[in-house]
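Q: got a predicted structure plus its sequence, pasted below:
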Amino acid sequence: MRALIAKDRRKWWMLGFAFVATVINYLNRQTLSVLAPVLLEQLRISATSYSQIVFAFMLAYTFMNGVSGRLLDRLGTRIGYGLTIAFWSGAEILNAFSAGVLSLGIFQFLLGVGEAGNYPAGVKLITAWFPPEERSHASGIFNSGASIGAILAPPLLAWITLLGGWRTAFVVIGLLGFLWLVGWLAIYREAGAVGTKEQADRLPLKTLLRSRFLWQFTLSKVFSDPVWYFYVFWFPQYLKVAHSFSMREIGETAWIPFFTATFGNLVGGAVFSALTRAGAAPATARRMAILIFSGLMAPAAFVGGIGSAAGCIGLIATATFGYCGALANLLAVPGDVFPKGAVASIWGFASMGSGIGGMIFSLLTGWLVDHYSFKPVFVLFGVIPLLAAWIVWILPRTMGSSHLQLQTARG
C-alpha cells in the first residue's frame, strides 16, 4: 500500500517536470514570435522571408518528430527527454548570433530539431505513469505548459529586450533549459517495472505503418496544429500591422489568448469526465469533446472584419481556448489504442503531420499577408479545425492494445 501511495505522489512530480519542460519549450518557441516586430525591422526581413524562417523551424520539427518518437521509445524517457531539452536550449542561445535571414533560419532549424522531442516525451511519460481514466486530465496539465509559456513570453521577452536587447533575450531563455536539465537528471526515474514492459510493448515499424489509425491520426494533425502555430508565430506581428501596437503594447496584451488557452487545457479534461459520467464510452467522449472545442475555433474567421483590437483579441482568445480543450483530449487518444511502448512513436509520426501542415500553412500565411492582408488568413484558420475534428471523429475506436499485439504476433 505504501508503495502505491509513493508512486501516486511521484507521478505528479514527474508530470510537473513535463509541464515545466513544456513551459520552457514555448518560451523558446515564442522568442522568435514576440521579437518578430523588432527582428523584421532591424534585420530588414519581409513577411515572406519571415514565413520562410518559420518554415525552416517547421521543416526540422517535422523531420525530427518522425525520428524522436522512435528514439525516445528506444532510449527511455529519462535520457531521451534530457537530450532533447539540452539540444533545443543550446540552439536557442545560438539565435543570439543571428545576422540576417539565412543565419536566423539555420538557428531556427536547429531549434526545431530539439523541440520536436517534447511532445513525444511528454505523452510517453503520461502513458507510463497514469492510468487511462486520468490521462485526459494529465494531458491537459502537461499541455497547459504551452499556454503558460506563451503567456509569460510577451511580457518577459519584451522586458528583457527593452533592458538588454533581443540578443540577450535569446540567451536568457536558452539558459532556462539547462537549469531544468540539472533537476531532471537528479530526480527522474523510470516508472518502476514499466520501463521493462515498454520494451516488450514496442511494435515493429512495419506494424505501425500498416495501421489506418496512424495515417488518419497524422492527417488530422495536418489541419489542426497549423492553427496554433499561426497564433504562436504571427499574433504579435498581426497586432503591429493591423492595430499599430508598439513592443510595449504587445508585451502588455499578446499573452491574453494564451491565458485563455490555459483554461482550455483544464476544461478539456473536465468535459471528457462529464461526458463519461453521462454514459459515453471513453473513445466517444474524447471525440465529442474534440468536436465541441473545435467548434469554438471557427468564430475567429471573423477577426479580419472587426476594427476593434479588443474584439479581435477576444475572438482569438476563444479560438486558443478551443484548440487547447480539443488537444487535451487528442493527446490521450493514441494511449487508448496503442501499447505504452509504442505511444511515443505514434505521436512522433502524428507530429510529422503537424509539421507538414505547419510548413505549408506558414508559407501560405506569409504570401497572403504580403499580397492581401490578415483577413483571408483568419478565415482559413477558422475553417480547417472543423475538418480536423471530423477526421478524428471517424478514427478507429478499438480500445486497448490487444488487437495490435495480435497483429504483431500474426505478422
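A: Everything's here; your move.

Q: only C-alpha atoms for contact and neighbour calcs from this point on.
A: Fine.

Q: any idea how far the residue lying closest to Trp390 once chain neighbours are set aside lies from Ala285?
A: Once flanking residues are discounted, Trp390 sits nearest to Leu291: 7.5 Å by C-alpha to C-alpha, 6 or more residues apart in numbering. Between Leu291 and Ala285 the computed distance is 10 Å (C-alpha to C-alpha, to the nearest Å).

Q: repeat for Pro236
A: 35 Å.

Q: between these two, which one's more packed in?
A: Pro236 (26 against 21; other C-alpha atoms under 10 Å).

Q: what sits against Val392?
A: 216-217, 220, 287 (C-alpha atoms under 8 Å, 6 or more residues apart in numbering).

Q: do Thr218 as well
A: Contacts of Thr218 (C-alpha under 8 Å, 6+ apart): 349-354.

Q: pLDDT weak spots in this structure?
A: 1-8, 136, 190-210, 335-344, 396-411 (pLDDT under 70).

Q: about what we covered before: from what I can see the residue nearest to Trp390 touches Ala388, true?
A: No - in this structure, Leu291 is not within contact of Ala388 by C-alpha atoms under 8 Å, at 9.1 Å.

Q: anything in contact with each of those two?
A: Joint contacts of Leu291 and Ala388 (C-alpha under 8 Å, 6+ apart) do not exist.

Q: quick revisit: just the closest of the contacts of Thr218 to Gly183, please.
A: Using C-alpha to C-alpha, Ser351 comes nearest to Gly183 of those, at 27.2 Å.

Q: ok, that closest one to Thr84 distance?
A: Noted for Ser351: a distance of 15 Å to Thr84, by C-alpha to C-alpha.

Q: so what touches stretch 169-187?
A: 17, 20-21, 24, 27-28, 31, 78, 82, 85-86, 88-96, 157, 160-161.

Q: cool, and stretch 257-269?
A: 136-137, 140-141, 143-145, 147-148, 150-151, 289, 293, 313-314, 316-318, 320-329.

Q: strands - which of these land there?
A: Counting by DSSP state E, the contacts of stretch 257-269 place none of their members in strands.

Q: list the buried residues in stretch 262-274.
A: By neighbour count with 16 or more other C-alpha atoms under 10 Å, stretch 262-274 contains the buried residues 262-273.

Q: just stretch 130-149 next, same as before
A: So for stretch 130-149, counting by 16+ other C-alpha under 10 Å, buried means 130, 132, 135-149.

Q: what do you get for stretch 70-80?
A: 70-74, 76-80.

Q: what's the spacing between the longest helix along the chain and its chain's center?
A: Looking across the chain with DSSP state H, the single longest helix is helix 2-42. Per C-alpha atoms, centre = their mean, to the nearest Å, the displacement of helix 2-42 from the mean C-alpha position of its chain is 10 Å.

Q: what packs against the following helix or strand past it?
A: Sequence order places helix 47-75 as the next helix or strand after helix 2-42, per DSSP states H and E. Using 3 or more C-alpha pairs under 8 Å, 6 or more residues apart in numbering; DSSP states H and E, the elements in contact with helix 47-75 are helix 77-94, helix 101-115, helix 118-129, helix 194-201, helix 343-371.

Q: reformat the ones you listed as a markdown table; add distance to Val241.
A: Listed next are those as a markdown table, based on distance: least, C-alpha to C-alpha, whole Å:
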| stretch | distance to Val241 |
| --- | --- |
| helix 77-94 | 26 |
| helix 101-115 | 20 |
| helix 118-129 | 32 |
| helix 194-201 | 49 |
| helix 343-371 | 10 |
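
Q: of those, which is nearest Val232?
A: helix 343-371 (11.2 Å).

Q: and that closest one, what's buried?
A: 343-363, 365-369.

Q: ok, now stretch 31-47?
A: Going by neighbour count (16+ other C-alpha under 10 Å), the buried part of stretch 31-47 is 31-40, 45, 47.

Q: now swap in stretch 173-183 and tell me
A: 173-178, 180-181.

Q: now, which of the residues you listed sits nearest Phe57?
A: Phe57 lies nearest to Gly174 out of those, by C-alpha to C-alpha, at 16.1 Å.

Q: if we can go back for a sec, any idea of the angle the longest helix of the chain forms with helix 77-94?
A: Relative orientation of helix 2-42 versus helix 77-94 (axes from the mean of the first three to the mean of the last three C-alpha atoms, to 10 degrees): 20 degrees.
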